[in-house]
Structure formats: C-alpha cells, structure tokens
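>>> sharing a model that was predicted from the sequence below.
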Amino acid sequence: MPSPVQPPLPEHVVARRTGHEHFAVDGTALSSTLSDFWTWSASDLLSNALRGQLAEYIVGLALDCVDGKLRREWDAFDLMTRDNIAVEVKSTAYLQTWGTTKASSRRFDIRATTGWHADSNSYSTIRQRQADVYVFCVHTSTDRRVADPLQLDQWDFYVVATTTINKALPQQRSIALSQLTPRLGAHAVGFGEVRDAVRAAVAGR
C-alpha cells in the first residue's frame, strides 16, 4: 500500500537567542551557556568556514539591514536591503588560519543557481544569478600579528550589479579577485561607502 502523501511542513520559526540561555539536563541548568558555545565555535574569524557568514554580517551592517533579523541559511540571496535590493555577498582573504607556503587562490563563486526561496519554501525554476547586486569582500591584511576581521578598515569591498556580470560573464562560474576591475569595472570601496555603491550599482544597471 503506498504511503499517504504528506503535506509540506511549514518553515520553522526561529526565535532570536541572547546567548544567556543555559544548557540543561533533565530540566537542571548547567553553568555552560549558549554564549560559551558561540565563543568556542566562532572565535576563529580567519577561518574559511566562518568568514563568509562574517562578511555577510559586515555588509549587512554597512547596509543597515541586519538589526533585529536572523540569518537564513540556503536562501536564494544573502541580504535584502530596506529598499528591497537583493544582495549576494562573496568573500576571500589574503590570510588563512592555517600555515601555508604560498598565497591562497582568491576567487569568488558567481555561478547561476536555481535558488531556494525561504518565504515560499520553493526553488526557482530558472537557473540564474538570484540577487540584484554582488558585494565581493576581501580581508586584505597580510600580517598575522595585526590581522583582525573585526577591524573594518582591513576590508575592501567591490560592488557590481548582477546585470553587469551577466553581460560580461554570462556562463562563467567563478572570477578571480584580480579580474574584478578589468572584467567588471569594479573598484574597491571602504565600509562606509558600501551603501552608496550598492545604490549606484542598482541605479546604473
């Protein structure tokens, strides 16, 4: 007998955490808190695994669109500005956590996708670049003694309208940092210039 068709499950509503929540066993709180876990798991800001999320947050700060919100994993794009500009954030760095004998390859993924939309719990049927604008973030420090991704003057940001990428590189899946200017006409801006650069990119597309 075939299994009955199950209705789609609704999206889980994520409650905002403060970090003060305690781990517990059988209803008894332990001394360890969620903040302790965050410190344990997320202190290595030079890590490749964490840098992407940090870059999204930094761009969100620049665009004033993360306050009071929570990050959505796997959404079609990374950020939505207050004036409804969809933003995709990509990041790279000159330094990695581990020791290396040569500079890491600094490339960004720009492939088209069939994006998943959290609001509708569905995938788009057209493979495309989902956002209106890409912000390519580069942590530029090359000195481990002072490298700190929280110091926002250590970052460069390159803002490019998706239409520009589509015209110049319609089928390309990635692009090197060194090609952002010659191929896409992008130039580095600082943290305080990101918001205006995003608006200018959208206005000129």
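Perfect, thanks for sending it.

>>> when you work out contacts or count neighbours from here on, use the C-alpha atoms and nothing else.
Will do.

>>> what's the weakest-modelled helix or strand in the protein?
The element with the least model confidence among the helices and strands of the chain, by mean pLDDT, DSSP states H and E, is strand 116-117, at a mean of 72.

>>> now do the helices in this structure.
Using DSSP state H, the helices of the chain run over 34-42, 48-63, 162-168, 180-184, 194-203.

>>> return the most buried member of those helices.
The highest average neighbour count among the helices of the chain, using mean count of other Cα atoms under 10 Å, belongs to helix 48-63 at a mean of 19.

>>> which strands and helices lie in contact with it?
When contacts are defined as 3 or more Cα pairs under 8 Å, 6 or more residues apart in numbering; DSSP states H and E, helix 48-63 sits against strand 86-93, helix 194-203.

>>> closest one to Val25 among the helices of the chain?
Closest to Val25 of these is helix 34-42 (Cα to Cα; 14.3 Å).

>>> what does that closest one contact?
The contact list for helix 34-42, computed with Cα atoms under 8 Å, 6 or more residues apart in numbering, reads Thr18, Gly19, His20, Glu21, His22, Phe23, Leu50.

>>> what's the neighbour count on the third one?
It stands for His20. Burial of His20 is recorded as 11 neighbouring residues (other Cα atoms under 10 Å).

>>> quick one: it and Asp67, what's the gap?
Distance of His20 to Asp67, computed by Cα to Cα, to the nearest Å: 19 Å.

>>> next, format the helices of the chain as JSON lines and append distance to His139 and mean pLDDT.
Formatted as JSON lines, the helices of the chain follow (distance: least, Cα to Cα, whole Å; pLDDT from 0 to 100):
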{"stretch": "helix 34-42", "distance to His139": "17", "mean pLDDT": "98"}
{"stretch": "helix 48-63", "distance to His139": "9", "mean pLDDT": "97"}
{"stretch": "helix 162-168", "distance to His139": "22", "mean pLDDT": "98"}
{"stretch": "helix 180-184", "distance to His139": "15", "mean pLDDT": "98"}
{"stretch": "helix 194-203", "distance to His139": "15", "mean pLDDT": "98"}
